[in-house]
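Undergrad: sequence and predicted structure, then a few things I'm wondering about:
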Amino acid sequence: MPLPQGPKTPVTLQMLRWVFSPMSYMEESAKTYGDIFTLKLDYNLPPMVFIHSPEAMQQVLSNDTKELEAPGDLNQLFEGLLGKNSLISQSGKEHQRQRQLIMPPLHGERMRTYADVINNITEKVIGKQQINQPFNVRTVTQEITLGVMMQAVFGLYEGERAEKLQHLLCEILEAGSEVWRVALLYFPALQKVIGLSTLWEIQERRQNKADQLLYAEIQERRENPDPSRTDILSLLMSARDEDGQPMTDVELRDELMTLLVAGHETTATAIAWALYWVHKLPEVRQKLLAELDTLGENPDSNTIFKLPYLTAVCNETLRIYPVGMLTFPRRVKTPISVDGYQLEPGTVVMGSIYLTHHREDIYPNSKQFNPERFIEKQFSPYQFIPFGAGARRCIGLAFAQFEMKLALAKILQGWEMELADTREVKPKRRGLVTGQDKPIQMIYHGRRQQQSRTLETIAV
């Protein structure tokens, strides 16, 4: 059966467009070919089918253990950094086992125990900024989220090992987000090019050093178990699967790297975008501060998490420029009809989160930042899908939303800031996800005088 239509340009040109301008490439393709189209993004693989209507998203992602599958071998681009035992690299029963072991520390009341960590690190990082001096927002939000990862996930607070590991991980993630790194993944032959090959070797050496530190920490924890520890590494080490088996050292290492990559870079980018929009649009900032000022001092983290306008601002931030622009790929197991096309076994299907979030039939004026969308209407899980869905839904979504809301509330309540440059910032590829096309610069003016309000006065 014929695949959906798509660009007829040579494969190399399609791959270059995908590496350097994926969002505009998807928008052009959707405008030309509609709700379903095909892109050829690998010399050795068949073309990939892209979908973005909520109906097709629901059909594909809710059937990804029936007519379709979500195999780890399709996520090989992540394997070099995360390892073969990462949740992202695993398939079938192994994938299910890993999810069941990792899920408990990232949800419910267990997650709330990290509120103090998030607040304390945010306070420390923002508090050391120079008054009336511009700073790079993403650098600051990265420092916050990496600090949270180090303490809440790795359980490392201070000491030589913690400092070395944090420094190495920061370098690894920063280099991994460069476009050259993505180009090497899509064009492996470039690894032999002088200069790029050196960069690749440097990155591998950093990774080996970081791995040594991680394995040393795991070994030390095994030799000196402490049941009172609440960090995620300790909880994963004590977890057992259905057969009573613990995670191996290699599995622990790979899952720690997965949580770091999935939870540090993405959340830092999202918080940076939120600060940009809130300070670019005075009416949004005014409404959000009015809501936050109802909380008083030392508000409960659950109360912050449930604030309606804060939730709307965070949701609109994740909608307009989703950090993850795609779902993980699915592969057809048995013939299935999607958007009028019969897809045969072996066909790879990608869900475009970015295109779904910019459908004018769901989000009128989709390029405008408008939190009221989420106050006025409740969107289905396949209309608003920043964390994916189905078997590959982001396992850390609750933790990411919790951290984003608490950090944003802490910053806005506590400090006066403004954009140093109000020119528009747009999204671009950042590694395998998205980020800002230029630094967001803000000026820190010092502590904010909090105004006491009640929800009644806001309503009036």
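TA: Everything's here; your move.
Undergrad: contact partners for the closest residue to residue 385 other than its chain neighbours?
TA: Using CB to CB, 6 or more residues apart in numbering and skipping residues adjacent in sequence, the residue nearest residue 385 is residue 353, 5.4 Å away. For every residue, glycine as well, the C-beta is placed using N, CA and C. Listed by CB atoms under 8 Å, 6 or more residues apart in numbering, the contact set of residue 353 reads 322, 324-327, 385-386, 388.
Undergrad: low-confidence ranges, the stretch 151-300 of the chain, go.
TA: Scanning the stretch 151-300 of the chain for pLDDT under 70 picks out the ranges 194-196.
Undergrad: now the strands for it?
TA: In chain order, the stretch 151-300 of the chain shows no strands, with DSSP state E, counting those that start in this stretch as the criterion.
Undergrad: helices of that one, residue ranges please.
TA: All helices of the stretch 151-300 of the chain, identified by DSSP state H, counting those that start in this stretch, fall at 160-176, 179-186, 196-223, 232-238, 249-260, 266-280, 282-292.
Undergrad: can you check the stretch 301-450 of the chain too?
TA: Assigned by DSSP H, counting those that start in this stretch, the helices in the stretch 301-450 of the chain fall at 301-305, 308-320, 353-356, 373-376, 397-414.
Undergrad: looking at those helices, which is closest to residue 213?
TA: Closest approach to residue 213 among the helices of the stretch 301-450 of the chain (CB to CB): helix 397-414, 23.2 Å.
Undergrad: from the contact counts, what lies against the closest one?
TA: Helix 397-414 makes packing contacts with helix 108-112, helix 115-127, helix 137-148, helix 266-280, helix 282-292, helix 301-305, helix 308-320 when contacts are defined by 3 or more CB pairs under 8 Å, 6 or more residues apart in numbering; DSSP states H and E.
Undergrad: if we can go back for a sec, and of the helices of the stretch 151-300 of the chain, who's closest to residue 317?
TA: Taking CB to CB, helix 266-280 is the member of the helices of the stretch 151-300 of the chain nearest to residue 317, at 4.5 Å.
Undergrad: show me the contacts for residue 428.
TA: Remark: with contacts taken as CB under 8 Å, 6+ apart, residue 428 is in contact with 21, 23, 434-437.
Undergrad: go with 10 Å
TA: By CB atoms under 10 Å, 6 or more residues apart in numbering, the contact set of residue 428 is 20-24, 179, 321, 434-438.
Undergrad: now the buried members of the residues you listed.
TA: For the contacts of residue 428, burial is judged from neighbour counts taken by 16 or more other CB atoms under 10 Å, and it is met by 22-23, 321, 434-436.
Undergrad: now, these that are in strands?
TA: Secondary structure from DSSP state E places 434-436 of the buried ones among the contacts of residue 428 in strands.
Undergrad: ok, residue 120 to residue 344 distance?
TA: Using CB to CB, to the nearest Å, one gets 54 Å for the distance from residue 120 to residue 344.
Undergrad: that's all I had, so thanks and see you.
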